[in-house]
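Novice: Here you go, sequence then predicted model.
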Amino acid sequence: MAKKVAIIGSGVGGLCCGIRLAHAGFDVSIYEKEAGPGGVIQYCEDPDTGIQFDQFATIGIHPKEYYTVFQEADLDPHKYFKGKVLDEFYKVFSADGRSYLLSKNYWEDVEGFEAFFGEPIGNYETFVNAFTSKYHAANRSLLTKPLWSGRQLANPKLMKAALALKPLRSAEHEIHQCITSQTLRDFLLFQTFYMGLSPQHLSNVYASIPAVSQSEGLLYVRGGMGAYASALVQAFYDLGGHLYCNRTITSIKMDGSKAIGLQVDHEFVPADIVVSNADVTFTMQNLLPQAKQANKAGKSTMSCSVFVLRLALETAFPMLSTHNIVLPQSTQAEMEAVSEGKLPGSPPLYIYYQSHLDSASKNTCASCINIMVRVPNRGAYQAWDSTTTQKLKELCIQALIDITGIKHLRDSIISQSMSTPLDLENQYNCWQGAAFGLAPSYFQSVLFRPQLKQKGTTQLYFVGSSIHPGSGISIVMKGAKLTAQQIILDARGE
């Protein structure tokens, strides 16, 4: 008889782990507290107009990872979603009112690149190549390896590989060493801020994010990232998985050190194996209050959060690309202020313009735009009231007016919605409303990050942003593969 697996949460980690285990012959059930699956990559629908937006995540870094989970489950990914690597990389808007469309093949426009960024293109090429190589080294030695056992941690080859990456140098330091132009520095540093920690306190390994994104390109999924969530759900169903929404997990049931099932609403659901895709700190504090890791987990440093403004408009924006970055004069100071728990005053912005490409979307308006601002998490900043959200909303709209030159833009808004750290905390159980799980600081990364298994427990596993190898859709997918592989090995007694 197939072993029963109960997974808490239908985010990317839960779905990818479920797909792999279902393919391996396990009887897998996913329990989701929300009305629909997908976690932070699911659709958000405006209740008045029916217009669909991507809720939070929108950037497809490491395109191949999005296909791998299907291929390794003997499924054709092209039957589940339509995606392509974009020729356009980012449209960059500088503080002096200029803009530049950086393409995947950046070397084809040397004159335009150097005129906008004020940096020899050879310096950028050297940076991209060096840190792409560093990413691949980290991927081979660390990101694709489970690090939960003493034997693995004592592996001299692993330690040598980790030290070779020189992880104690900051991303800010390394980018400043490679690049002289302030505009280009800001552009690169802001991309490392996707991890939820100021680049001043982030290991230089994370400088590989903009490098790999440039070298591999960004994946665009037709219909948005919510369409990718739907693809994962359908694959899970096709492999015989079971998904139950609107189900609240109140505790993980233990028999001594062994997980034996879940308390779902008021019902005990037995399981041979339990996997938590819920935030690991939330899991420890609320679902495993008796665990010895609970107190330590509550003291962890969390990543920053995000404020999202979603706009449906009657106006088209031909001056925007799919992915856009707006850099203020004080980009680095603003990022550091967020890490210090301060609300941004003139922050760098990421603007996602789905309508640039997706004329086949279900939306009937001319434009759907997500504007995202990195903000402090709830542990660092408490005052998430209407005054704060209104201030950030107006800041975002004014920035859009400034870069597009459309002075009457407010008149073309059909609908608008916002998400704050409160929503991440209440809707998705993100500890302190942190958007990217545990902050990837020096001593909360790789060997020091929570692992897929915890010492002192059996039949209990973890997956998600706060678990090694880390946050970001593609990296969580890698973590889901590690967790599934470990469960399969343990079930075989290996």
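Specialist: Cool, got the structure.
Novice: C-alpha only now, for contacts and for neighbours.
Specialist: Will do.
Novice: so where is the stretch 101-250 of the chain shaky, pLDDT-wise?
Specialist: Under the criterion pLDDT under 70, the flagged ranges of the stretch 101-250 of the chain are 148-154, 158-165.
Novice: again, only using 90
Specialist: Along the stretch 101-250 of the chain, segments meeting pLDDT under 90 span 137-169, 203-205.
Novice: show me where it has strands.
Specialist: In the stretch 101-250 of the chain, the strands defined using DSSP state E, counting those that start in this stretch lie at 219-221, 242-244, 249-255.
Novice: neighbouring strands for the helix or strand where K84 lies, and are they parallel or not?
Specialist: According to DSSP states H and E, K84 maps onto strand 83-85. In the sheet, strand 83-85 lines up against strand 219-221 (antiparallel) (DSSP bridges).
Novice: ok, back up a step: let me have the strands of the stretch 101-250 of the chain in JSON lines, extended by mean neighbour count.
Specialist: Output for the strands of the stretch 101-250 of the chain, formatted as JSON lines (neighbours: other Cα atoms under 10 Å):
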{"stretch": "strand 219-221", "mean neighbour count": "23"}
{"stretch": "strand 242-244", "mean neighbour count": "18"}
{"stretch": "strand 249-255", "mean neighbour count": "18"}
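Novice: would you turn the ones you listed into JSON lines with distance to S474?
Specialist: Listed next are the strands of the stretch 101-250 of the chain as JSON lines, based on distance: least, Cα to Cα, whole Å:
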{"stretch": "strand 219-221", "distance to S474": "11"}
{"stretch": "strand 242-244", "distance to S474": "22"}
{"stretch": "strand 249-255", "distance to S474": "26"}
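Novice: How about the secondary structure of the closest residue to C16 other than its chain neighbours?
Specialist: Nearest in space to C16, with sequence neighbours left out and distances taken as Cα to Cα, 6 or more residues apart in numbering, is A480 at 5.9 Å. Here A480 is recorded as helix under DSSP: H, G, I helix; E, B strand; the rest coil.
Novice: what residues are up against A480?
Specialist: By Cα atoms under 8 Å, 6 or more residues apart in numbering, the residues touching A480 are 13-14, 16-17, 463-464.
Novice: Look at N324 and give its secondary structure.
Specialist: With three-state DSSP as the basis, N324 sits in strand.
Novice: Hmm, P348 and it touching each other?
Specialist: No: using Cα atoms under 8 Å, N324 is not in contact with P348; the gap is 10.6 Å.
Novice: Name the residue in these two with the higher neighbour count.
Specialist: Set side by side, N324 and P348 show more neighbours around P348, with 27 against 21, by other Cα atoms under 10 Å.
Novice: Surely that one and F190 touch.
Specialist: Yes: P348 is within contact range of F190, at 7.5 Å (criterion: Cα under 8 Å).
Novice: Show me just the buried residues among the contacts of A480.
Specialist: 13-14, 16-17, 463-464 (16 or more other Cα atoms under 10 Å).
Novice: would a markdown table of those residues with secondary structure, distance to T388 and pLDDT be doable?
Specialist: Listed next are these as a markdown table, based on DSSP: H, G, I helix; E, B strand; the rest coil; distance: Cα to Cα, whole Å; pLDDT from 0 to 100:
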| residue | secondary structure | distance to T388 | pLDDT |
| --- | --- | --- | --- |
| G13 | helix | 32 | 98 |
| G14 | helix | 33 | 98 |
| C16 | helix | 36 | 98 |
| C17 | helix | 38 | 98 |
| V463 | coil | 33 | 98 |
| G464 | coil | 29 | 96 |
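Novice: coming back round to it: now do the shared contacts for P348 and F190.
Specialist: What both P348 and F190 touch, as defined by Cα under 8 Å, 6+ apart, is the set T331.
Novice: pLDDT on the helix or strand that Q486 is a member of, on average?
Specialist: Per DSSP H and E: Q486 is located in helix 473-491. The average pLDDT within helix 473-491 is 96.
Novice: now stretch 386-397
Specialist: 95.
Novice: mind listing what's buried in it?
Specialist: So, applying 16+ other Cα under 10 Å, buried residues of stretch 386-397: 389, 392-393, 395-396.
Novice: contact partners of it?
Specialist: Contacts with stretch 386-397, where a contact means Cα under 8 Å, 6+ apart, come from 307, 309, 346, 371, 410, 420.
Novice: Going through the residues you listed, which ones are buried?
Specialist: 307, 309, 346, 371, 420.
Novice: Now that we're looking at the nearest residue to the fourth one once chain neighbours are set aside, what pLDDT does it have?
Specialist: What that stands for is I371. Nearest residue to I371, sequence neighbours excluded (Cα to Cα, 6+ apart): I351, at 4.5 Å. Model confidence at I351, given as pLDDT, is 97.
Novice: Please name the bridge partners of I351.
Specialist: Beta-bridge partners recorded for I351 (DSSP bridges): N324, I371.
Novice: need the contact list for it.
Specialist: Counting by Cα under 8 Å, 6+ apart, I351 touches 323-326, 369-372.
Novice: low pLDDT regions in the stretch 251-400 of the chain?
Specialist: 266, 289-300, 354, 357-367, 382-383.
Novice: Show me where the stretch 201-350 of the chain has its helices.
Specialist: If DSSP state H, counting those that start in this stretch is used as the criterion, the helices of the stretch 201-350 of the chain fall at 208-216, 225-238, 280-282, 294-298, 331-339.
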